[in-house]
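Participant: Here is a sequence with its predicted model. Questions after.
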Amino acid sequence: MSKPTLRGPLGLAAVILTLPGFAAAQAPDSIRSDTLNSFSDSFLMTEIRVLARQRLTATGGVGAIEMRLDSLGSVPVPTLEQALREMPFVRIRENSRGEAQPSLRGATDRQIAVLVDGVPLTLGWDHRTDLSIIPLTAARSVNLLRGLSSVLHGPNVLAGVVEVDVARGNERMESPPPATFSLGMDQTGGVTVGATGARMADSDGGQWLVQAGTAFRDRSGTTLPDADDLSAAERALLSQDGDLRLNSDFRHVDGFVSARYQGYEGAWGSMMLSGFDVARGVPPETNEAEPRLWRYPDQSRFVAAFSGGTGDRETAWGVGDLEASLGVDVGSFRIQQFNSAEYDTVIDEEEGDDRTLTLRLLGDHTISHRADVRAAFTYGDVSHSERLTGQDQNDFRQRLWSLGAEAEWRGDDLPGWGSLGATRVNVGFAVDGADTPGSADKPPLGRLWDWGARLGFSSLTANSMMLFHGGVSRRARFPSLRELYSDALGRFLANPGLTPEILTGAEMGLTWDLPVFDLQVVGFHQVLSDGIVRIAVDTPEGARRQRVNRDRIRSTGIEVVATGALGSVEYAGDVTFQQAWQFDEGNDERTRPEYEPNMAARLSLGVPVASAVTLSAEYRYVGSQFCLNTDGGGLDPLDTTHRMDLQLRRLFRLDGRRTFANLDGLISLANVMDRAIFDQCGLPQPGRTLRFQVRLF
């Protein structure tokens, strides 16, 4: 199989990036948007930067980072996986099911909530979501709340929240570009195409914003890393005709419609409808004697979010606000298992249908000019139907709920610390519950409940340039239906006796806002009691995995992130130092948990070069880590990894146009050193990959 020619993409890229006459001038940072009470064809354009634009802040004492999607440089219409790979501190790995999963501060995928316009995508059959198939075609921004998030986010939110903002909110609306078109290509022939449209209009009582869009992603496979980094056995299992990774093809179509109303008196409402359809392969693991030989020929999902609120209203006791959200998350999938790496004979098949309904009610009210109280009720109803070859359909159902309340006090200083400035202290308490009224032919899980609590504070220094923040928290996570009952086509043993995980943690940090750079430093300590982990089990049918509760997993570390500029050079860097240990029940023996390196770091630099072109480079380092060897029953080490990415970028203003008035052109080279980077045992990241993309808006 020969590689597609590069002349077309490279030739066009060279023209775009080097012709000075292509545009009269580079676009300004922003174009003025009219006020809320009037309408025009102008729109606010958040500045386009070489480095993904990230705002460092703290919410309720918790370190937070916001990323605007229009500054992302990885691909023109990214998935959530591609966006989070550019976020500090979050590490993404592809698991043996072909799913992209996050890790943060020793916490794993099921302990990190993912919300899209308030709909929790991580409540479902598996209590996690595959980031690689969640499109961000409709998204405006992605917010990362690390660690000890609010008790108001709902059940099963232990160790952080990823919030994707599409239409929901009561802040002043910004008019997006009236139309966008994006195109990306890579050296393998992979193509990404996306288009969106938007319209803002006034009515008698407020303002409307309607948006719609679609995207198509297709690739025949990912590139293989350098042969010198792979053994002959690994290369034989990984390769497809010598050029592409075996069974790594991917085809993805998505579309969305959203509408938002913002009343002049404060009331608001929003609707978001989004769906996608996927067909893809699952690359086999090179370290397994019997790797998964799977394909997903059909996988689809539809997510709808309806939200509304009163806005701030005066009452007899002060000012209050009410908000309600309804989420519908419906999906289906089909997994085929093959008898050999030729993928020509199906020996087993699994089909599943999922439906998750969520309801969230949120209210807040002032209790004085210095204090507020907030409360939230969240309910989730999860249904899953499973059909295996030659077996009857199995139906499962789980219900989860959470009732939480928080109070916040605002003062001029922290009592006893007169040198500090404006201070916020908040305290929260939650009661969470779950049950499984449907468990097919397996024992049902009785009704469970647990409590959560949180204390947070943030305080400015006297000159308001440095923010101290911190908190302590306790939360619980109930095991998912899949953890309790699934055997994953014979690879796992079910364990209906799993109990909830309990995470107790504390963090302390500072965020420093200076004219030349922003800095955030956070120290953390977390203990996960009864943590659910995988172990290897010998059975008459061969080696299997099983999920069990361990006594505790302890993580202690420090995070540092900085963004800024030195002259014309822009930079962003982050580093995490962490010690994570897993303690077995009944003794003091400790082992390293899976996929938790002692150190991970990243540094990005961007500098302008000739003809208004910007060159940027990013270096990533991940220290040694460990993974479970199912065949041997122990842990195998993963070596330290290094990765370098490069890109050239230029933004043009096309004078005399009202639509498609700006063009953003980019060439990138990922994994420049073509290293075999294993962030999971037996599953290397793609090798060196050349990409070209343009975005008109």
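Facilitator: Nice, I can see it.

Participant: report the longest strand in the chain, please.
Facilitator: strand 346-368 (DSSP state E).

Participant: Sheet partners, orientation included, of that strand?
Facilitator: strand 318-338 (antiparallel), strand 371-388 (antiparallel) (DSSP bridges).

Participant: Below-threshold pLDDT in the stretch 1-150 of the chain: ranges please.
Facilitator: Within the stretch 1-150 of the chain, the ranges that satisfy pLDDT under 70 run 1-63, 70-75.

Participant: if you go through it in chain order, where are the helices?
Facilitator: In the stretch 1-150 of the chain, the helices defined using DSSP state H, counting those that start in this stretch lie at 7-18, 80-84.

Participant: Buried residues in the longest strand of the chain, which are they?
Facilitator: Within strand 346-368, the residues that count as buried by 16 or more other Cβ atoms under 10 Å are 348, 350-358, 360, 362-366. Where you see a C-beta, it was placed from the backbone N, CA and C, and this is true even at glycine.

Participant: Likewise for stretch 280-295?
Facilitator: Buried-residue list, stretch 280-295, by 16+ other Cβ under 10 Å: 280-288, 291-295.

Participant: Ok, stretch 258-267 next?
Facilitator: Across stretch 258-267, burial judged by 16+ other Cβ under 10 Å covers 258-263, 267.

Participant: Tabulate the strands paired with strand 346-368 (CSV), appending mean neighbour count and mean pLDDT.
Facilitator: Output for the strands paired with strand 346-368, formatted as CSV (neighbours: other Cβ atoms under 10 Å; pLDDT from 0 to 100):
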stretch, mean neighbour count, mean pLDDT
strand 318-338, 18, 94
strand 371-388, 19, 94
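
Participant: Can you say which of these is nearest to S486?
Facilitator: If you check each of those against S486 by Cβ to Cβ, strand 371-388 wins as the nearest, at 7.7 Å.

Participant: which stretches of this protein have low pLDDT?
Facilitator: 1-63, 70-75, 170-171, 233, 240-242, 413-420, 462-464, 489-490, 585-587, 630-633.

Participant: and the end-to-end length of stretch 487-497?
Facilitator: Length of stretch 487-497, first residue to last, Cα to Cα, to the nearest Å: 14 Å.

Participant: returning to that earlier point: so which of the buried residues of strand 346-368 is the closest to V373?
Facilitator: Closest to V373, out of all of those and judged by Cβ to Cβ, is H365, at 5.9 Å.

Participant: Skipping adjacent residues, who's closest to the closest one in space?
Facilitator: G320 (3.8 Å; Cβ to Cβ, 6 or more residues apart in numbering).

Participant: G311 is in contact with that neighbour, correct?
Facilitator: No - using Cβ atoms under 8 Å, G320 makes no contact with G311, being 10.1 Å away.

Participant: Now do the strands in the stretch 551-697 of the chain.
Facilitator: 552-566, 569-583, 590-591, 599-608, 614-622, 625-628, 635-638, 641-653, 662-670, 678-680, 683-684, 689-696 (DSSP state E, counting those that start in this stretch).

Participant: Please identify the deepest-packed of those strands.
Facilitator: Greatest average neighbour count among the strands of the stretch 551-697 of the chain goes to strand 683-684 (a mean of 23), per mean count of other Cβ atoms under 10 Å.

Participant: Give me the contacts around it.
Facilitator: The contact list for strand 683-684, computed with Cβ atoms under 8 Å, 6 or more residues apart in numbering, reads 93-96, 225, 230, 238, 283, 285-286, 676-678.

Participant: Just checking: what are the partner strands of the host helix or strand of V253?
Facilitator: According to DSSP states H and E, V253 maps onto strand 250-263. Strand 250-263 has its sheet partners listed here by DSSP bridges as strand 206-219 (antiparallel), strand 268-281 (antiparallel).

Participant: for the last one, the distance to its chain's centre please.
Facilitator: Translated: strand 268-281. In terms of Cα atoms, centre = their mean, to the nearest Å, the centre of strand 268-281 is set 15 Å apart from its chain centre.

Participant: Restricting to C-alpha, output it in PDB.
Facilitator: This file holds the C-alpha atoms of strand 268-281, laid out as PDB (Å, rounded to 0.1, in the frame of the first residue of the first chain):
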ATOM      1  CA  TRP A 268     -33.100  33.000  29.400                       C
ATOM      2  CA  GLY A 269     -33.500  29.600  27.700                       C
ATOM      3  CA  SER A 270     -31.400  27.300  25.500                       C
ATOM      4  CA  MET A 271     -31.700  24.200  23.400                       C
ATOM      5  CA  MET A 272     -28.900  22.000  22.100                       C
ATOM      6  CA  LEU A 273     -29.400  19.000  19.800                       C
ATOM      7  CA  SER A 274     -26.300  17.000  18.800                       C
ATOM      8  CA  GLY A 275     -25.700  13.600  17.200                       C
ATOM      9  CA  PHE A 276     -23.000  11.500  15.600                       C
ATOM     10  CA  ASP A 277     -22.500   8.200  13.900                       C
ATOM     11  CA  VAL A 278     -19.200   6.300  13.900                       C
ATOM     12  CA  ALA A 279     -17.600   3.200  12.300                       C
ATOM     13  CA  ARG A 280     -14.100   2.300  13.500                       C
ATOM     14  CA  GLY A 281     -11.600  -0.400  14.200                       C
END
